[in-house]
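Student: Got a predicted model here, sequence first, then my questions.
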Amino acid sequence: MGHSKIVVALLCVFVGAGCASLRWSVQKSFRNEGRANEALPEEVWNEYQCGAKKLPFFEIEKNELIPPRVRPGGEFNHRMVYAMCPAQTTAVVAGRLHTRIRYRGEPLHGETEVDYELLPGRWRVDSFVEIPDAAQPGIYSYELEFTSRSLKFSKHASFLVPNP
């Protein structure tokens, strides 16, 4: 291990949770809001052998929140990576995407996109969500729910608002 790596490792040991917080901040800073293609439809078609599946085929490959601990007034990044094989090569699946934040089982905030489009291939979708200054400490859930005539899914991920 090089000298600089030893110093960084020792600093992380001494700083403890602060090092994890720095890691999440750095990771989040490299993300941009929006959608980016990661693989063309043919690649996803071959990878998932979509010719043998009921179409449209849809798979959420990643659903994560960064950081997993968010202070009141802070924000987190939600990243979803999905793969989709449509019935026709370049077809999209349009539907209603509802996002919601729950605390103690009750919805606190929600937004709906009526004509949200799932695109063929593999896509990375990043969004940033702000936490109100008045957020109470505890476990929260960020939920996604998509509904169309041909596809339906729901996913959630938890995050913590720590005690001050």
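Tutor: It's in. Residues are numbered from 1 along each chain as shown.

Student: what's residue 48 in contact with, if anything?
Tutor: 57, 59, 83, 85 (C-beta atoms under 8 Å, 6 or more residues apart in numbering). Any C-beta I mention is one placed from the backbone N, CA and C, and that applies to glycine too.

Student: could the residues you listed go into TSV alongside neighbour count?
Tutor: As requested, those are exported to TSV (neighbours: other C-beta atoms under 10 Å):
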residue	neighbour count
57	19
59	15
83	23
85	24
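
Student: Which two among those are spaced furthest apart?
Tutor: 59 and 85 (9.0 Å; C-beta to C-beta).

Student: Can you read off the backbone torsions of the closest residue to residue 59 other than its chain neighbours?
Tutor: Spatially, and ignoring its direct neighbours in sequence, residue 59 is nearest to residue 83 (4.8 Å; C-beta to C-beta, 6 or more residues apart in numbering). When read as degrees, to the nearest 10, the backbone of residue 83 gives phi -120, psi 140.

Student: The helix or strand harbouring residue 81 pairs with which strands, and in what direction?
Tutor: Using DSSP states H and E, residue 81 maps to strand 75-85. Using DSSP bridges, strand 75-85 pairs in its sheet with strand 57-66 (antiparallel), strand 121-130 (antiparallel).

Student: Could you say which one of those comes nearest to residue 153?
Tutor: Taking these one by one with C-beta to C-beta, strand 57-66 is closest: 6.7 Å.

Student: one step back: format the contacts of residue 48 as JSON lines; extra columns: distance to residue 70 and pLDDT.
Tutor: Output for the contacts of residue 48, formatted as JSON lines (distance: C-beta to C-beta, whole Å; pLDDT from 0 to 100):
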{"residue": "57", "distance to residue 70": "34", "pLDDT": "97"}
{"residue": "59", "distance to residue 70": "28", "pLDDT": "98"}
{"residue": "83", "distance to residue 70": "28", "pLDDT": "98"}
{"residue": "85", "distance to residue 70": "35", "pLDDT": "98"}
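
Student: Need those residues in JSON lines (columns: distance to residue 75).
Tutor: Formatted as JSON lines, those follow (distance: C-beta to C-beta, whole Å):
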{"residue": "57", "distance to residue 75": "33"}
{"residue": "59", "distance to residue 75": "27"}
{"residue": "83", "distance to residue 75": "27"}
{"residue": "85", "distance to residue 75": "33"}
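
Student: No more questions from me, cheers.
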